[in-house]
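Colleague: how would this look folded up:
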Amino acid sequence: MNNTPAKDTFAGFVAIIGKPNAGKSTFMNSVLNEKLSIVTPKPQTTRKRVLGIYTKDNLQIVFVDTPGFIKPRYALHEAMMEYVTEEVLSSDVLLVMFDVSEYSAHKEPFHSTFFELLGKSPAPKILLLNKIDLLKDKKAMLPAIDYFAKTDTFSEILPISAYQPDDVAKAIEIIAKYIPKSPFYYDEDLLSTQNERFFVSELIREQIFLICEEEIPYSTEVSIVEFKEREKGKWYINAEIIVERPTQKPIIIGKDGQRIKQIGELARVAIENHLGTPVYLDLFVKVRPKWRQNQRQLKSFGY
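Modeller: Okay, the predicted model is just below:
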């Protein structure tokens, strides 16, 4: 008979929040050593919540990568900010990411409504001053540390580079201090609860953000029409790239179909890496006028 007492387990939800391009998605991918959130140099790449599950020993942290905090201009933006608000109000810990390389004593680092939202949550708040690798002199982060310390908002302030494993490990160590005692929420080998269709559509959208310029990426959405898993041969994926205006369709397609071919080839490689199987990817461009303002359209796209 084994009389060894059961080891306490700790589990909780951690919302990763902050302005666009602060490194939220990069941080979560680094924690999990897996690409779950798409990453591009353009702001507002993340539109929906992306859930990533970190489990080690007796600790489970359920990270939720959220869209960057912005002032809404469209119904789409409003839906994105609803995700942020819901996570702030329901999470056990709030992990605020800030690009320290952008700190200026002459400009408020966050809009006042961001701090108002934080104030509505009793959860402990940890600030990660990200992108220290972009600073020529590490002393340059001291004014930012001083500013945020004086807000009396954060339980911990940690300068990091989301690309550095040691920094990420230190962040996990600090977050773990605030995770409540609880049974695990998910199986230990699970990395996310979102389905493959979601990740495939995101990987296609990532290439649109990387390849297309100006407003085009923000005017597009990706909808998976068919997703056929096959025991033999390539899996078949049929996806629609949705645009708002007829004039945007030829821009996505490109001269002689070159741009959509490029998007498709790069997305296919990324999808095959994610799924671990060969795929045949069919892409089509469809016009849905003003979809970012259309609640019914947004709902059909999962917002």
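Colleague: make it CA atoms for all contacts and neighbour counts henceforth
Modeller: Noted.
Colleague: apart from its neighbours in sequence, what residue is nearest residue 45?
Modeller: Leaving aside its sequence neighbours, residue 45 sits nearest to residue 39 (CA to CA, 6 or more residues apart in numbering; 6.8 Å).
Colleague: oh sorry, the question was meant for residue 204
Modeller: Closest to residue 204 by CA to CA, 6+ apart is residue 267, at 5.1 Å.
Colleague: quick one, what contacts that neighbour?
Modeller: Taking CA atoms under 8 Å, 6 or more residues apart in numbering, we find residue 267 in contact with 203-204, 207.
Colleague: hang on, the earlier thing: quick check on the residue nearest to residue 45: phi, psi?
Modeller: With angles defined as degrees, to the nearest 10, residue 39 sits at phi -130, psi 130.
Colleague: who's in contact with it?
Modeller: So residue 39 contacts 25-26, 45-46, 206 (CA under 8 Å, 6+ apart).
Colleague: ok, now residue 261?
Modeller: Here residue 261 is in contact with residue 253 (CA under 8 Å, 6+ apart).
Colleague: part of a helix, is it?
Modeller: Yes: under DSSP: H, G, I helix; E, B strand; the rest coil, residue 261 sits within a helix.
Colleague: please report how far it lies from residue 78.
Modeller: Applying CA to CA, to the nearest Å, the value for residue 261 to residue 78 is 33 Å.
Colleague: ok, residue 162 next?
Modeller: 28 Å.
Colleague: which one of the two is surrounded by more residues?
Modeller: When residue 162 and residue 78 are compared for neighbours, residue 162 comes out ahead with 27 against 17, by other CA atoms under 10 Å.
Colleague: surely that one touches residue 30?
Modeller: Yes: the criterion here is CA atoms under 8 Å, and residue 162 meets it with residue 30 at 6.7 Å.
Colleague: need the overlap of contacts for those two.
Modeller: Joint contacts of residue 162 and residue 30 (CA under 8 Å, 6+ apart) are residue 168.
Colleague: which parts of the chain are strands?
Modeller: For the chain, the strands defined by DSSP state E occupy 10-18, 50-56, 59-65, 93-99, 125-130, 156-159, 221-228, 235-243, 279-287.
Colleague: any chance of those strands in TSV, with mean neighbour count and distance to residue 300 too?
Modeller: Listed next are those as TSV, based on neighbours: other CA atoms under 10 Å; distance: least, CA to CA, whole Å:
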stretch	mean neighbour count	distance to residue 300
strand 10-18	25	25
strand 50-56	20	18
strand 59-65	25	22
strand 93-99	25	30
strand 125-130	24	34
strand 156-159	18	40
strand 221-228	17	9
strand 235-243	20	12
strand 279-287	18	14
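Colleague: could I get the ones you listed as TSV with mean pLDDT and distance to residue 295?
Modeller: Formatted as TSV, the strands of the chain follow (pLDDT from 0 to 100; distance: least, CA to CA, whole Å):
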stretch	mean pLDDT	distance to residue 295
strand 10-18	98	25
strand 50-56	97	21
strand 59-65	98	23
strand 93-99	98	29
strand 125-130	98	33
strand 156-159	98	39
strand 221-228	97	14
strand 235-243	98	15
strand 279-287	97	16
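Colleague: out of the ones you listed, which is closest to residue 138?
Modeller: The closest of those to residue 138 is strand 156-159. By CA to CA, the value is 9.7 Å.
Colleague: what lines up beside that closest one in the sheet?
Modeller: In the sheet, strand 156-159 lines up against strand 125-130 (parallel) (DSSP bridges).
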